[in-house]
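**Q** below are the sequence and a predicted model; questions follow.
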Amino acid sequence: MGRPFTCVLLIVLLALPAWPAIQSQQRDQQRDKREQGEETVKIGTELVQIDVVVTDRSGKLISNLKKDDFELLEDGKQQEISFFTVESQKGGLDPESNAPARQALQIAASNAPLGRNIVLIVDNIHTSPANLLRIKDRLTRFIEDDIFDDDRVAVVATSGGLGLLQQLTDDKDVMKRAVNRIGVGSRTTTDTERPLITAHHAELIDMGDRDALELSIEETIRELGLTGPDARAQAERIVRSRVTAILSQVSHTTKATLSTIESLIRSLKPLPGRKLTILVSDGFLVAGASARFSNLFDLRRITDAATRAGVVIYTIDSRGLIAPNSDITSWGPADTTGRRVRIENGEIEAMRGGLNALAHDTGGFPIFDNNDLNLGLRRALEDNSTYYVLAYYPANSHQDGKFRKITVKVKNREDLVVRTRKGYFAEEKSKKPQKEVKDPVEQIRAALSSPVPKQDLSVHLAANFINVKDRGPVALASIQLKGNDLSFASVNDRFNTEVDVVTLVHNSDGKLAANISRTLQLNLRPETYKRIVNDGLRYREVIPLNPGLYQVTVAVREKKSGLIGTASQWVHIPDLLTTKLALSDIFVGASRDDLLREAKDGEITRGQPLGDVARRFPRDSEIDFISVIYNQAQSGDKEKPDFVAQTQIFHNNVVVFTSPLRAVPVDGAEDLSQIPFAARLSLSDLPPGRYTLQLTVIDRSRKTHTSRRVKFTIE
């Protein structure tokens with residue numbers, strides 16, 4: 001743990017008849033503008049980029065290699081390394097790396113979020129119910145303990161069914177909700193007839209293994225009590241019929257699983273940098289059985305997708321440590337010939353075939369024979385603390401659609417282990433380029449449906465819950481645009497532009513709850529134009545919602561330039577009728593003076609945002625934040641509540657500041673069911689980085705508590 005930090009906390013408690021709207025000064029998010037005349041390195045479609053992890057034989061990462069230490073081959077022919085960087089988990093760039101390399105590789109783009117992009121895939125189709133429960137418990141703990149403030153995580157089930165919850169998010173509550181929703185997939189490959197024939201056993205029979213066939217025939221005769229001269233022939237027909245059905249099911253479910261993984265990986269391509277995918281499964285067959293049915297999934301498609309999207313796959317066998325001949329699902333008397341033991345022991349490795357291939361072919365590694373699932377998850381994270389990024393223009397530029405095999409070596413270092421993706425499919429000459437969408441409505445629709453935010457226009461969104469007197473719960477969708485991203489026209493000493501804003505709200509099942517479209521027509525005086533260019537364009541939408549979890553997504557398109565920006569955020573609306581104690585979201589950057597100035601008898605309307613939207617603050621500054629305590633237990637009751645409040649600041653799951661418990665004064669409050677709470681924090685002792693602010697309110701008389709969290713950045 002790092003050194004403890006101290007913060008000065010000034011508590012300002014306000015008791016007002018109703019909750020007002022708040023307007024506060026917004027700070028520019030301080031991203032560098034990509035000016036149109038800026039020189040960039042143009043990347044052709046033939047540029048191939050890979051990232052490489054190098055370790056010694058014990059698995060220790062090697063971080064001091066240079067460009068000249070590497071040898072890169074494609075189909076056995078040496079390639080010239082055009083660009084080279086060394087990346088670390090902290091996002092640092094090796095001093096020897098040059099600016100053109102960073103531009104060419106599109107690493108750490110100015111509009112890219114910091115932190116790791118992690119996809120957790122749970123193969124609930126091929127995983128037993130007992131193992132699935134254990135996986136969900138371990139993933140929940142992993143999210144709580146090992147996911148940092150800057151990380152974005154997607155939780156995906158191979159059977160689907162998670163809806164919007166499977167999107168990348170930095171909200172741990174949403175991640176854990178996604179994990180909790182994963183159910184047992186359709187295990188159609190489980191054969192429940194007697195005697196037992198597993199998928200691997202069926203594969204052996206189909207491939208001509210006489211011992212496997214004879215064992216099943218003998219067990220079938222005994223199990224069904226077949227007699228007579230044709231008993232063996234009848235049993236063989238039964239066995240072969242079951243084998244055909246089992247392998248057909250294996251082919252279908254395995255192909256569906258791998259297709260899901262491929263589609264998911266390809267959807268990550270727009271995200272810059274290295275992406276981690278961790279697949280947790282009991283395992284599945286990938287060869288032999290499927291080949292019989294002529295629809296074998298080519299695993300090189302996933303390798304190609306991973307190479308193009310910058311994805312590395314780690315696989316974990318959720319069965320953990322498996323003792324040989326430990327399958328207690330075997331029925332019937334023991335087989336004294338040893339055939340059953342051989343088949344069951346072979347089953348262990350056969351089911352790991354797909355997990356092995358996916359990991360090794362994409363630069364990751366499989367994690368087998370380990371009962372500590374969290375240890376395996378941490379190993380995958382630690383493997384990405386240092387890696388090398390290499391890019392090259394292939395000497396073979398033929399567009400023939402053939403697979404190109406990539407090999408990377410460290411010269412004269414046979415003691416080192418090099419892991420990278422194994423290749424890609426070349427483009428096909430006959431492939432038609434995708435048509436550019438020109439219709440503005442279709443452009444916005446495509447941007448809203450994209451799994452990766454568009455940031456041609458820099459857009460920040462803060463979606464916050466608050467309860468408005470006489471109106472009920474609402475989500476305040478506060479939007480901030482970078483002012484100098486907009487193309488204003490100067491006409492008659494005025495500055496004009498038009499901006500379309502579309503706001504969509506979906507519940508966690510993906511059902512549309514709100515659809516709002518507006519056009520902002522800006523006709524600005526010079527002083528207003530200057531302020532917007534410097535401080536940004538800020539706008540707020542008020543959306544009434546019923547209790548539940550919602551995703552708010554906004555798309556902003558400037559009509560003149562056609563540039564689009566999108567952003568999304570989750571918001572949780574509590575049920576105040578059944579919840580005795582609750583908090584509104586925390587509005588960061590809203591001061592006491594703002595609160596008093598903007599009090600309007602509880603009416604909140606469209607207009608300026610409440611609090612700082614981007615939540616980015618300079619170091620050595622002070623920030624104000626405000627929340628509202630909803631105390632339904634006191635509704636209509638004149639008895640004063642006994643509340644205490646505590647503020648904590650977390651950095652990557654470590655508490656760096658905790659305020660003392662302080663009594664919440666309520667003297668003068670006209671409505672004890674809604675008590676505004678405001679505080680001020682000094683950031684002077686906190687280094688730059690991403691933090692989580694947590695406010696906890698405790699009702700000591702009723703022995704209950706509630707809390708809210710919000711993330712902010714110190715620059």
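**A** Alright, I've got the coordinates.
**Q** give the contact list for the residue nearest to Arg319 when sequence neighbours are not counted.
**A** Residue nearest to Arg319 in three dimensions, not counting chain neighbours: Asp282, with 5.4 Å by Cβ to Cβ, 6 or more residues apart in numbering. Placement of C-beta: from N, CA and C, glycine included. Residues counted as contacts of Asp282 (Cβ atoms under 8 Å, 6 or more residues apart in numbering) are 123, 126-128, 131, 317-319, 351.
**Q** okay, Asp282 and Arg134: tell me how far apart.
**A** From Asp282 over to Arg134 the distance is 11 Å, taken as Cβ to Cβ, to the nearest Å.
**Q** which neighbours do those two share?
**A** Contacts common to Asp282 and Arg134, judged by Cβ under 8 Å, 6+ apart, are Ser318.
**Q** tell me how many other residues crowd Pro229.
**A** For Pro229, the neighbour count with other Cβ atoms under 10 Å is 6.
**Q** and it, helix, strand or coil?
**A** coil (DSSP: H, G, I helix; E, B strand; the rest coil).
**Q** ok, now Leu264?
**A** helix.
**Q** what separates stretch 62-72 from the chain centre, distance-wise?
**A** Counting by Cα atoms, centre = their mean, to the nearest Å, stretch 62-72 is centred 31 Å from the centre of its parent chain.
**Q** any idea of the mean pLDDT for it?
**A** In this model, stretch 62-72 carries a mean pLDDT of 96.
**Q** next one, pLDDT for the nearest residue to Leu461 once chain neighbours are set aside please.
**A** Nearest residue to Leu461, sequence neighbours excluded (Cβ to Cβ, 6+ apart): Ala567, at 3.8 Å. pLDDT, Ala567: 94.
**Q** so what's the residue count around Ala567?
**A** Ala567: 23 neighbours (other Cβ under 10 Å).
**Q** quick one: mean pLDDT for the host helix or strand of Phe83?
**A** Here Phe83, judged by DSSP states H and E, is contained in strand 81-88. Mean pLDDT, computed over strand 81-88, is 93.
**Q** next, the buried residues of that strand.
**A** 81-87 (16 or more other Cβ atoms under 10 Å).
**Q** would you list those residues in JSON lines and tack on distance to Asp149?
**A** Below are these laid out as JSON lines (distance: Cβ to Cβ, whole Å):
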{"residue": "Ile81", "distance to Asp149": "34"}
{"residue": "Ser82", "distance to Asp149": "35"}
{"residue": "Phe83", "distance to Asp149": "30"}
{"residue": "Phe84", "distance to Asp149": "30"}
{"residue": "Thr85", "distance to Asp149": "24"}
{"residue": "Val86", "distance to Asp149": "24"}
{"residue": "Glu87", "distance to Asp149": "19"}
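**Q** closest to Val655 out of those?
**A** Glu87 (29.0 Å; Cβ to Cβ).
**Q** can you give me the helices for the stretch 451-600 of the chain?
**A** For the stretch 451-600 of the chain, the helices defined by DSSP state H, counting those that start in this stretch cover 526-535, 592-597.
**Q** where among those helices is the average confidence lowest?
**A** helix 592-597 has the lowest average pLDDT among the helices of the stretch 451-600 of the chain, namely a mean of 50.
**Q** who are the packing partners of the strand holding Phe83?
**A** For strand 81-88, the elements it packs on are strand 70-74, helix 99-105, strand 386-392, judged by 3 or more Cβ pairs under 8 Å, 6 or more residues apart in numbering; DSSP states H and E.
**Q** which of these comes out lowest on mean pLDDT?
**A** Among the helices and strands packed on strand 81-88, helix 99-105 scores lowest, at a mean of 42.
**Q** report pLDDT for Asp667.
**A** 78.
**Q** and it, helix, strand or coil?
**A** Secondary structure of Asp667, per three-state DSSP, is coil.
**Q** residues near it, how many?
**A** Asp667 has 7 nearby residues by other Cβ under 10 Å.
**Q** could you measure from it over to Arg445?
**A** According to Cβ to Cβ, Asp667 and Arg445 sit 53 Å apart.
**Q** quick one: low-confidence parts of this structure?
**A** 1-45, 89-114, 186-192, 287-296, 323-336, 430-437, 591-610, 633-638, 669 (pLDDT under 70).
**Q** domain map for it?
**A** 9-34+439-714, 48-115+387-425, 129-383 (automatic domain parsing).
**Q** other residues contacting stretch 402-417?
**A** 48, 50, 52, 54-57, 59, 62, 65, 68-76, 300, 304, 307, 390, 394, 396, 418, 420-426.
**Q** and these, which are buried?
**A** Counted by 16+ other Cβ under 10 Å, the contacts of stretch 402-417 give 48, 50, 52, 54-55, 62, 65, 69-70, 72, 74, 300, 304, 307, 390, 394, 418, 420-426 as buried.
**Q** now, these that are in helices?
**A** Taking DSSP state H, the ones among these that sit in helices are 300, 304, 307.
**Q** the residue nearest to Leu461 and Leu504 touch, don't they?
**A** No. Using Cβ atoms under 8 Å as the test, Ala567 is too far from Leu504 to be in contact (11.6 Å).
**Q** what sits in contact with each of those two?
**A** 553-554.
**Q** what's the helix or strand where Val156 lies packed up against?
**A** If you go by DSSP H and E, Val156 is part of strand 152-157. Counting by 3+ Cβ pairs under 8 Å, 6+ apart, the packing neighbours recorded for strand 152-157 are strand 117-122, helix 172-181.
**Q** other SSEs contacting the following helix or strand past the shortest one?
**A** For strand 117-122, the following helix or strand on the C-terminal side (DSSP H and E) is helix 129-146. Secondary structure elements in contact with helix 129-146, counted by 3+ Cβ pairs under 8 Å, 6+ apart, are strand 117-122, helix 172-181, helix 373-382.
**Q** can you rerun that using 10 Å?
**A** Where contact means 3 or more Cβ pairs under 10 Å, 6 or more residues apart in numbering; DSSP states H and E, helix 129-146 is packed against strand 117-122, strand 152-157, helix 172-181, strand 275-281, strand 311-317, helix 373-382.
**Q** okay, these, which one's buried deepest?
**A** Most buried of the helices and strands packed on helix 129-146 by mean neighbour count (mean count of other Cβ atoms under 10 Å) is strand 311-317; its value is a mean of 26.
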